[in-house]
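give the three-dimensional model of this entry:
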Amino acid sequence: MNYFDEAMAEGERRKTYEAADCMKPDYSEFDPEVVPLCRAMNDLPGICTNDSCCGHGTQPFRIFFKVTEKEHRGLFILARSVDRRYFKHGHKWSISLSVADAPESPLPLSFMLGSNARGEKAYEQAQDLVSNIFLHRKHKAFLEVYELQECAFSGVFNSRR
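Coordinates of the predicted model:
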């Protein structure tokens, strides 16, 4: 196989990975308390949640997600929405990066949005974060300054709000 054929095969493998990895999840299998935030995150361009847990109130609130290689604007909107300057619970929430050892994808990176809050406090904070994401998505000046007006939102968030 020559270099061009190898590059094409790699490109097809990446497309297949991204398409399979970013399928919208079956929310019926999620803890119901994380569903609104997962929906809001999946509506952001390039964000694909792939696991979540709130331990039914006994464990910290966690949502694991990936960002597609082609689209990082959603990660920027999410990070801005979690930032302590723009989110009243921002000092309690964070986004962290994780690297897997298995070469399951071209670059096995994943992120985790989490809070150490548990139970009702975590659910209330998560709902506030959903509202903050929505606020950022609709904030005309914010979208213009960062040239996000053309940002493609999937519409899932709007139809489920």
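
Asn50: helix or strand, and which one exactly?
In the assignment (DSSP states H and E), Asn50 maps to strand 47-53.

any idea which helix or strand comes after that strand?
Next along the chain after strand 47-53, taking DSSP H and E as the criterion, comes strand 61-67.

show me where this structure has its helices.
Applying DSSP state H to the chain gives helices spanning 3-21, 35-42, 73-82, 119-138, 140-145, 156-160.

check the residue lying closest to Phe64 once chain neighbours are set aside and give its pLDDT.
For Phe64, ignoring the flanking residues on the chain, the nearest one in space by C-beta to C-beta, 6 or more residues apart in numbering is Asp51 at 4.1 Å. C-beta: built from backbone N, CA, C; applies to glycine. pLDDT recorded at Asp51 is 87.

below-threshold pLDDT in the chain: ranges please.
When residues are selected by pLDDT under 70, those of the chain lie in 1-23, 102-106, 152, 154-161.

and for Thr58, the neighbour number?
Using other C-beta atoms under 10 Å, Thr58 has 8 neighbouring residues.

which residue packs closest to it, ignoring adjacent ones?
Closest residue to Thr58 apart from its sequence neighbours, by C-beta to C-beta, 6+ apart: Arg118 at 6.5 Å.

thought that neighbour was touching Phe61?
Yes. Contact criterion C-beta atoms under 8 Å: Arg118 and Phe61 qualify, at 7.2 Å.

give me the common contacts of the two.
Taking C-beta atoms under 8 Å, 6 or more residues apart in numbering as the contact rule, Arg118 and Phe61 both touch Cys54.

those two - which one has more neighbours?
A direct count of neighbours by other C-beta under 10 Å for Arg118 and Phe61 places Phe61 higher, at 28 against 16.

pretty sure that one contacts Lys121?
No. Taking contacts as C-beta under 8 Å, Phe61 lies outside contact range of Lys121: 9.2 Å.
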